[in-house]
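**Q** sequence isn't available, so here's the structure alone:
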DNA sequence: TATTGTTATACTCTATAACTATA
DNA sequence: TATAGTTATAGAGTATAACAATA
């Protein structure tokens, strides 16, 4: 069995290494996280706060910054006037695409260096990681 | 082949999940990072700033907080009066031990749920992750 | 002069408490 | 009354610029 401590620490360091590839050095994890969330589906400020595990006021501030930068936009919910719908803009999509391109480039190069056995090992672990990420 | 994007994103989410296990909710990553650094070997503020990739003033502020909390101590360098040596205290060691224990507990439970094949896959990937972490 | 550490100041992200509008 | 969003205010971490002490 591999050393548990080492495996755990390695996962954190590799994740940090991946995260260091950013399209724009001024984009924080907080902002990028929200941008990635609303990329596929518009969401309310409250649900974004919950999924990013921050408080509603904190999320509100992040949304203000993203909105001022033209990366997301707010719109009133047609069914419930209390609610707001946050969606991504074209500029937001472009920034995400660039960030993803850089991260993918680095990661693709790393994957390309692997043996067939190592690639297979990753395939085996994807369902495991998927479960853990949801906990 | 597994989806490269998903694998990359999952690694980040799992790392984040692991990181959320802290002995003391008030200990930030910044402070814990320094504490882990000086656990094995005393170091200067400047070298700590470099290895943690923050500026010297930022590191200085972190060290002030850790010192006030009694987790590290500063001492003059005997050879060069300009330099300072930062070392961990007994209280600092205790806090690290507790943090490590909690992280290990969560991760151990996750590993215990795996099949033999999944465990073997992790063993295969440890050398790979070790290489990536150093890049 | 160059190096090491620190102080001064400001900006971002986070939080708790309080307020507004709507259901 | 309860819910969704926001505003007010404060604490922690980070940065750049400037300063002090020593080599």
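**A** The structure has been received and is ready for your questions. All values derive from a computational prediction rather than experimental measurement.
**Q** identify the residue spatially nearest to the residue nearest the centre of chain A, adjacent ones excluded.
**A** Central residue of chain A (C-alpha atoms, centre = their mean): residue A:33, 4.2 Å from the mean position. Take residue A:33 and drop its neighbours on the chain: the residue closest to it by C-beta to C-beta, 6 or more residues apart in numbering or on different chains is residue A:52, 5.3 Å away. Every C-beta, even on glycine, is put in place using the N, C-alpha and C of the backbone.
**Q** correct me, but that neighbour touches residue A:38?
**A** No - contact between residue A:52 and residue A:38 fails when scored by C-beta atoms under 8 Å: they sit 10.9 Å apart.
**Q** which one of these two has more residues nearby?
**A** Neighbour totals were compared for residue A:52 and residue A:38, and residue A:38 leads with 22 against 16 (other C-beta atoms under 10 Å in any protein chain shown).
**Q** ok, that one - contacts?
**A** A:48, A:72, A:86-88, A:92 (C-beta atoms under 8 Å, 6 or more residues apart in numbering or on different chains).
**Q** would you list these in CSV and tack on distance to chain B?
**A** Formatted as CSV, these follow (distance: C-beta to the nearest C-beta, whole Å):
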residue, distance to chain B
A:48, 16
A:72, 20
A:86, 21
A:87, 21
A:88, 17
A:92, 18
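**Q** for the record, mean pLDDT for the lengthiest helix in chain A?
**A** Determined from DSSP state H, the single longest helix within chain A is helix A:90-112. Averaged across helix A:90-112, the pLDDT comes to 91.
**Q** go through that helix and flag the buried ones.
**A** A:92, A:95-96, A:99-100, A:103-104, A:106-107, A:110-111 (16 or more other C-beta atoms under 10 Å in any protein chain shown).
**Q** before we move on, back to that, any buried residues in the helix or strand containing the residue nearest to the centre of chain A, and which?
**A** For residue A:33, the element it lies in under DSSP states H and E is helix A:29-40. Of all the residues in helix A:29-40, those buried under the rule 16+ other C-beta under 10 Å are A:30-35, A:37-39.
**Q** now swap in stretch A:47-62 and tell me
**A** A:48-49, A:52, A:54, A:59, A:62.
**Q** which single one of the buried residues of helix A:90-112 is nearest to residue B:116?
**A** Closest approach between those and residue B:116, by C-beta to C-beta: residue A:111, at 24.8 Å.
**Q** which parts of chain A sit against DNA strand C?
**A** Residues of chain A lying close to DNA strand C (C-beta under 7 Å from any atom of the strand) are A:28-31, A:53-55, A:57-58, A:61-62, A:65, A:80-82.
**Q** pretty sure residue A:84 sits against residue A:44.
**A** Yes - judged on C-beta under 8 Å, residue A:84 makes contact with residue A:44 at a distance of 6.1 Å.
**Q** for the two, list the residues in contact with both.
**A** With C-beta under 8 Å, 6+ apart, residue A:84 and residue A:44 have common neighbours residue A:77.
**Q** count of neighbours near residue A:132?
**A** Residue A:132 has 19 nearby residues by other C-beta under 10 Å.
**Q** check what pLDDT it gets.
**A** For residue A:132, the predicted pLDDT is 90.
**Q** look up the closest residue to it, ignoring the ones flanking it.
**A** Of all residues beyond its chain neighbours, the one nearest residue A:132 is residue B:14 (4.9 Å), with distances taken as C-beta to C-beta, 6+ apart.
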